[in-house]
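# quick one, what's the 3D model for this:
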Amino acid sequence: MTSLGLYLTKKSVNRAMVSRRTGISQARLSQLTSNESTKLRADELYLIALAIDIDPGEMFKEVFSELKLEN
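Numbers count the residues shown, from 1 in each chain. Below is the predicted model of the structure:
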């Protein structure tokens with residue numbers, strides 16, 4: 001499961017509702033939540049955050065918290 005998938009599961013988000021509100025297909029949401037090699041676009045993250053009434057910046061920080069700068 002991806003960090004987005006873990007985040008949505010933690011928040012008990014209904015993915016069918018997210019699909020309806022955002023226009024992102026359920027197949028794409030499935031890819032984004034289960035396939036680590038699938039890249040999440042900024043516009044998708046923003047729409048998902050709006051659909052679940054979460055601040056997009058906070059969601060961004062949590063979903064991408066594992067990213068660090070190399071020294």
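# and the pLDDT for the residue nearest to residue 54 when sequence neighbours are not counted?
Residue nearest to residue 54 in three dimensions, not counting chain neighbours: residue 11, with 7.4 Å by CB to CB, 6 or more residues apart in numbering. Bear in mind the C-beta positions are built from the backbone N, C-alpha and C, glycine included. On the pLDDT scale, residue 11 is placed at 95.
# phi, psi for residue 11 please.
Here is the backbone geometry of residue 11 (degrees, to the nearest 10): phi -90, psi 0.
# quick one: it and residue 64, what's the gap?
To residue 64, residue 11 is 16 Å away according to CB to CB, to the nearest Å.
# cool, residue 70 as well?
Distance, residue 70 to residue 64, by CB to CB: 15 Å.
# higher neighbour count, the two?
Residue environment comparison for residue 70 versus residue 64 gives the larger neighbour count to residue 64, 12 against 3, counting by other CB atoms under 10 Å.
# just checking, the more buried one touches residue 4?
No. Because the distance of 9.4 Å does not satisfy CB atoms under 8 Å, residue 64 is recorded as not touching residue 4.
# mind checking what secondary structure the residue nearest the centre of the chain has?
Centroid-nearest residue in the chain: residue 4, 4.0 Å away (criterion: CA atoms, centre = their mean). Secondary structure state of residue 4, per DSSP: H, G, I helix; E, B strand; the rest coil, is helix.
# contacting residues for it?
With CB atoms under 8 Å, 6 or more residues apart in numbering as the criterion, the residues that contact residue 4 are 32-33, 40, 45, 48, 63.
# one more pass at 10 Å, please.
Contact partners of residue 4, counting by CB atoms under 10 Å, 6 or more residues apart in numbering, are 29, 32-34, 38, 40, 44-45, 48, 59, 62-64.
# quick one, helices of the protein?
Under the criterion DSSP state H, the chain contains helices at 3-10, 15-22, 26-34, 42-51, 56-63.
# ok, so what distance separates residue 68 from residue 62?
Applying CB to CB to residue 68 and residue 62 gives a distance of 15 Å.
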